[in-house]
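Q: The following comprises the amino acid sequence and a computationally predicted model.
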Amino acid sequence: MCFVTFPIFDIHRSVIQVTFILNQLSMIRNLLCGLSLFCALSSFGQSDVYLKISHKLGGSDFSYNVQATNDVGNDFKTTRLEYYIAEIAIIHDGGQITEVDSTWLLVDAGNYTNVMLGNFNISTLEGVRMSVGVEATVNHNDPTLWPTSHPLAPQWPSMHWGWLAGYRFVCMEGKSGTSFNQDFQIHALEDKNYHTLTINTAGVSSGSDITSELNGDYAQALSGIDVSSGLIEHSGSNEAASLLLNFAQKVFTSIEGNPSLSATEEELPEFEIFPNPCVGQFSIQMPGNSFGAMQSEIYNALGQVVLNGAVRSKDRIEVQGLDNGVYYVRLLNGSQSATKTIIVHH
C-alpha cells in the first residue's frame, strides 16, 4: 500500500496566503465602495442656479419704441428702462433659504437677462426672493469705490442720485400722448421704497442646471399712473413711489403664472411662525403688542390662496386640511404686508 503525504507546514502556509489575498481583495472592494460613495455624496444636489427674466410688454416681448397701453388706457413707448435687483435668495428643498451673497443686478429691459447666481447644494427649486433697488446698507456708499465693471459703479446714463438719496432704483422714460409727443420720466428712489418680493416657481431644470424663470411685464409698471400728458417725477414720492410698488406687486410673475408676493419689512415688522415645520396648526408672533387684527393669506406653491381670514398675534391657525409641502404666509395690515415661508408636514 502506498501513502502520499503532504507536509502540514506547507498546507498551513497556503491557507495563510489565501486568507491574506482575500483580506486584500476585501480591503480594495471597501475602498472602492467608499470612494464611489464619497463621489456621489460630494456631487449630490450641486447645481448651477440661474435667474432669467423675460422682458414683456403685455403679451408681447419687450422692445424699445414699441407702442403699449397701461391699465388706465394711456398709450406709451419706452425709450429707457433700467432697474436694480438686490438681496437675492433661493427657496428650495422644503422651504430652505439660501442667500446669494454680494450680488446686485443692473437690468436693462432691452437686453437679454440670464445671470448665473452660483453653484448651490439644491435638489428642488421652490421659489426666489429678491428686492427691487439697492439695500440701505449699500445705497449710500460712494459708487466710485466699486470696480468700473460693477453694477453699482458709476453708469451712463446715471443710475445714482447722490450720496444722500443713493441710487435710482428704477429709471423709466418714454413718449406718451395721442401723437407720442409728450415726454415722461420716472426716476424712483429712496430707502422707504425698497421692496422685497417672493415668487413661487419650480423653475426649469436642464441637466444639473436650474433656472428660475420670471416674466417682467413693464406695462404693469405704469399701472394706475397717468402719463397721457407727459410726466416728470424724479423722487421717492407720488408716481415714483407708485412705480416701485408696481414693480414689487405687479410686474413679475413666474413662468407658471404665479404672482409676486411683496413684503415691505420696513412697513410691517417681520413676524415669527412657530412651530415651523408644523403638523396641524401654527401660531404667529408679532413684535410688541401694538398690532390688532390683521388679514392673513396662505398661498400654496402655485401662488393660489388656500386659507385666509383675520388673525391676531399668538392666534393659532389650523392647517390640518392642507397637504404636506411649502406654503407662504402673508400678513396684511392696511397697505402694509410681510411674508414668511412655512412647511406643513403631517
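A: It's in.

Q: which residue ranges form the strands in the stretch 51-200 of the chain?
A: 60-61, 67-69, 75-92, 96-99, 105-108, 113-121, 125-132, 160-162, 166-176, 182-189, 195-200 (DSSP state E, counting those that start in this stretch).

Q: now the ones you listed as TSV including distance to L244?
A: (Glycine included, C-beta is placed from N, CA and C.) Below are these laid out as TSV (distance: least, C-beta to C-beta, whole Å):
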stretch	distance to L244
strand 60-61	24
strand 67-69	19
strand 75-92	9
strand 96-99	22
strand 105-108	14
strand 113-121	19
strand 125-132	6
strand 160-162	14
strand 166-176	6
strand 182-189	5
strand 195-200	6
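
Q: who wins for proximity to P275 among those?
A: strand 96-99 (16.3 Å; C-beta to C-beta).

Q: Over the closest one, what's the mean pLDDT, rounded is fine.
A: Strand 96-99 shows a mean pLDDT of 91.

Q: got it, and stretch 173-185?
A: 97.

Q: Quick check: buried residues in that stretch?
A: E173, G174, K175, S176, G177, Q182, F184, Q185 (16 or more other C-beta atoms under 10 Å).

Q: Please name the bridge partners of the last one.
A: Per DSSP bridges, residues listed as beta-bridge partners of Q185: E173, I232.

Q: Wait, it touches V227, no?
A: No - judged on C-beta atoms under 8 Å, Q185 makes no contact with V227 at a distance of 9.8 Å.

Q: nearest to H140, of the buried residues of stretch 173-185?
A: Of the buried residues of stretch 173-185, the one sitting nearest to H140 (C-beta to C-beta) turns out to be Q185, at 23.2 Å.

Q: any idea how far I232 is from the closest one?
A: 5 Å (C-beta to C-beta, to the nearest Å).

Q: same question, S212
A: 35 Å.

Q: between those two, which one's more packed in?
A: Neighbours were counted for S212 and for I232 using other C-beta atoms under 10 Å; S212 has more, 25 against 12.

Q: among the strands of the stretch 51-200 of the chain, which is nearest S47?
A: Taking the strands of the stretch 51-200 of the chain one by one with C-beta to C-beta, strand 113-121 is closest: 6.2 Å.

Q: where does this structure dip in pLDDT?
A: Flagging of the chain using pLDDT under 70 yields the residue ranges 1-45, 263-269, 288-291, 301-303, 334-335.

Q: in it, which spans are helices?
A: 8-43, 136-139, 238-246 (DSSP state H).

Q: What are the buried residues along stretch 196-210?
A: For stretch 196-210, burial by neighbour count (16+ other C-beta under 10 Å) applies to T196, L197, T198, I199, N200, T201, A202, G203, I210.

Q: Bridge partners for the fifth one, pull those for me.
A: By that I understand N200. With DSSP bridges as the rule, N200 is bridged to G127.

Q: Is it in contact with N258, as I believe?
A: Yes - between N200 and N258 there is a contact at 4.6 Å, judged by C-beta under 8 Å.

Q: count of neighbours near T103?
A: 16.

Q: Skipping its backbone neighbours, what lies nearest it in space?
A: The shortest distance from T103 to any non-neighbouring residue, by C-beta to C-beta, 6 or more residues apart in numbering, is to I88 (5.6 Å).

Q: Next: H140.
A: G166 (5.1 Å).

Q: any idea how far the one you found lies from M294?
A: The separation that G166 has from M294, given C-beta to C-beta, amounts to 31 Å.

Q: same thing with K314?
A: K314 is 12 Å from M294, by C-beta to C-beta.

Q: out of the two, which sits in the busier spot?
A: Shown here are K314 and M294; by other C-beta under 10 Å, M294 has more neighbours (22 against 11).

Q: is it true that that one touches V311?
A: Yes - with contact defined as C-beta under 8 Å, M294 reaches V311; the gap is 5.9 Å.

Q: Now the common contact residues for those two.
A: When contacts are counted by C-beta atoms under 8 Å, 6 or more residues apart in numbering, M294 and V311 have L331 as shared neighbours.

Q: List the contacts of the nearest residue to V115 once chain neighbours are set aside.
A: Of all residues not flanking V115 in the chain, L51 sits nearest, at 5.2 Å (C-beta to C-beta, 6+ apart). Applying C-beta under 8 Å, 6+ apart, we find L51 in contact with I88, L105, T113, N114, V115, L117, V128, M130, T211, S212, L214.

Q: quick one: E297 and E213, what's the gap?
A: 25 Å.

Q: just D191 next, same as before
A: 30 Å.

Q: Please give me every residue in contact with L331.
A: L331 touches L268, F271, I284, M294, Q295, S296, V311, S337, A338, T339, counting by C-beta under 8 Å, 6+ apart.

Q: just checking, the last one touches L332?
A: No - applying C-beta under 8 Å as the test, T339 and L332 come out as separate, 9.8 Å apart.

Q: So which of those two has more stuff around it?
A: T339 (23 against 15).

Q: Tell me which residues touch E272, please.
A: I284, Q285.

Q: which residues does it bridge with?
A: Residues in beta-bridge contact with E272 (DSSP bridges): Q285.
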